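**Student:** coordinates only, sequence not included:
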């Protein structure tokens with residue numbers, strides 16, 4: 001979009017060099033989704049937050065993909081022990097129904113008045129009822145703990161594939177937002193998985209992205225890993 005200067009992810013000094021007198025905010029995903037499931041270094045977001053405070057600008061986190069328990073905590077930034085000035089949510093907030101939300105600190109929220117922030121999929125009664133039901137279900141069914149446990153299991157199974165197959169370069173991600181970086185194009189693997197009944201996708205050309213429902217079980221993960229094992233093996237022998 002116009003008005004944004006792009007800098008490399010996970011590089012605080014690049015942000016510092018880009019900040020100028022007309023800069024009002026920094027906008028970033030706490031974990032990149034479309035960018036290839038890239039998890040930042042431990043201190044990146046904290047240092048970014050400190051830089052924004054020092055410069056007197058806002059830090060905005062896009063938690064559309066990473067929010068609502070996807071990474072094992074309600075919001076991904078909680079893994080890094082920091083808080084944004086503004087945070088955006090969608091998708092998982094209403095379990096697939098169209099909704100969008102912007103959260104802000106009390107200080108920042110005072111800058112908004114009626115009509116100053118519009119949204120197509122905002123606070124309609126049906127979708128907000130769905131969002132409330134989602135939050136209640138996550139609390140009632142201990143979904144966050146499940147995401148952490150099953151996500152760790154899933155990552156372990158993918159790491160085993162990395163050790164077995166030379167075409168797997170890296171496994172990354174948190175909770176149930178995981179990526180498998182390949183040394184080959186990922187599209188054929190996506191198609192092969194679809195033929196076996198598994199829907200995954202590929203980003204950045206060679207990163208398989210796994211974002212299953214938060215209620216996924218170990219047996220379902222095992223089924224996918226078995227299919228991936230055969231597919232990756234076929235790539236290497238083919």
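**Tutor:** Here it is on my side, so go on. Remember, predicted model here, so these are calculated numbers, not experimental data.

**Student:** how close does the closest residue to residue 137 other than its chain neighbours get to residue 151?
**Tutor:** In space, not counting the residues next to it along the chain, residue 137 is nearest to residue 143; the distance is 7.1 Å by CB to CB, 6 or more residues apart in numbering. Bear in mind the C-beta positions are built from the backbone N, C-alpha and C, glycine included. Per CB to CB, to the nearest Å, residue 143 is found 11 Å from residue 151.

**Student:** could you do residue 15 as well?
**Tutor:** If you measure residue 15 against residue 151 using CB to CB, the figure is 29 Å.

**Student:** of these two, which one has the most company?
**Tutor:** residue 151 (24 against 21; other CB atoms under 10 Å).

**Student:** any idea of the pLDDT on the closest residue to the more buried one other than its chain neighbours?
**Tutor:** If you skip the residues right next to it in sequence, residue 151 has residue 175 as its closest partner in space, 3.9 Å away by CB to CB, 6+ apart. pLDDT, the model's per-residue confidence, is 97 for residue 175.

**Student:** partner strands of the lowest-mean-pLDDT helix or strand in the chain, with direction?
**Tutor:** Of all the helices and strands that make up the chain, the one with the lowest confidence by mean pLDDT, DSSP states H and E is strand 100-104; it has a mean of 92. Strand 100-104 pairs in its sheet with strand 86-90 (antiparallel), by DSSP bridges.

**Student:** quick one: mean pLDDT for the strand it pairs with?
**Tutor:** Across strand 86-90, pLDDT averages out at 95.

**Student:** and the contacts of it?
**Tutor:** By CB atoms under 8 Å, 6 or more residues apart in numbering, the surrounding residues in contact with strand 86-90 are 25, 58-64, 67-68, 75, 77, 99-105, 108, 121.
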